[in-house]
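Undergrad: Below is the structure, and that's it, no one-letter string:
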């Protein structure tokens, strides 16, 4: 079988899958020997989603709106994300612009 991205050869194996930096384990997949792209089959995807749900990671990414507070802008952090990173009220965080489209917040 050929890779749909680079036409390289696909080889079967077990690949570790991480979500939000947390390992969900190794799952059967096809791995491109040329570009390194990983392709999980339907059974593997079901296993990944099951493990993600067990660990409370599935659906953790959320959309939120930017609000105006005085002369500043504020971004509300959903409860599930605050709990995941153990963020508490009045805690000092570091906001880092990564580029013109990405911001990182360090707790």
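TA: That came in fine, so what should we check first? Predicted model, so just to flag it, every value in this text is computed and none were measured. Residues are numbered from 1 along each chain as shown.
Undergrad: Contacts only, for the most centrally placed residue in the chain.
TA: Closest to where the C-alpha atoms of the chain average out (CA atoms, centre = their mean) is residue 20, at 4.2 Å. Contact partners of residue 20, counting by CB atoms under 8 Å, 6 or more residues apart in numbering, are 57, 60, 84. Where you see a C-beta, it was placed from the backbone N, CA and C, and this is true even at glycine.
Undergrad: same thing with residue 6?
TA: Going by CB under 8 Å, 6+ apart, residue 6 touches 32, 34, 35, 37.
Undergrad: Could you double-check that the first one sits in contact with residue 12?
TA: No: Residue 32 is not in contact with residue 12 according to CB atoms under 8 Å; the separation is 11.6 Å.
Undergrad: tell me the pLDDT at the residue nearest to residue 7 when sequence neighbours are not counted?
TA: Sequence neighbours aside, residue 34 is the residue nearest to residue 7 in space, at 7.6 Å (criterion: CB to CB, 6 or more residues apart in numbering). pLDDT for residue 34: 97.
Undergrad: hang on, the earlier thing: farthest-apart pair in the contacts of residue 6, please.
TA: Farthest-apart pair in the contacts of residue 6 is 34 and 37; separation 8.6 Å (CB to CB).
Undergrad: Residue 71 versus residue 1, what's the distance?
TA: Distance, residue 1 to residue 71, using CB to CB, to the nearest Å: 57 Å.
Undergrad: next one: residue 43
TA: To residue 71, residue 43 is 53 Å away according to CB to CB.
Undergrad: When residue 1 and residue 71 are compared, which one has more neighbours?
TA: residue 1 (10 against 5; other CB atoms under 10 Å).
Undergrad: With adjacent residues omitted, what lies nearest to the more buried one?
TA: Distance criterion CB to CB, 6+ apart; nearest residue to residue 1, sequence neighbours excluded, is residue 10 at 4.4 Å.
Undergrad: Spit out the contact partners of that neighbour.
TA: The contact partners of residue 10, by CB under 8 Å, 6+ apart, come to 1, 2, 3, 30, 31, 32, 33, 39.
Undergrad: what about the last one, neighbour count?
TA: Applying the criterion other CB under 10 Å, we find 15 residues in the vicinity of residue 39.
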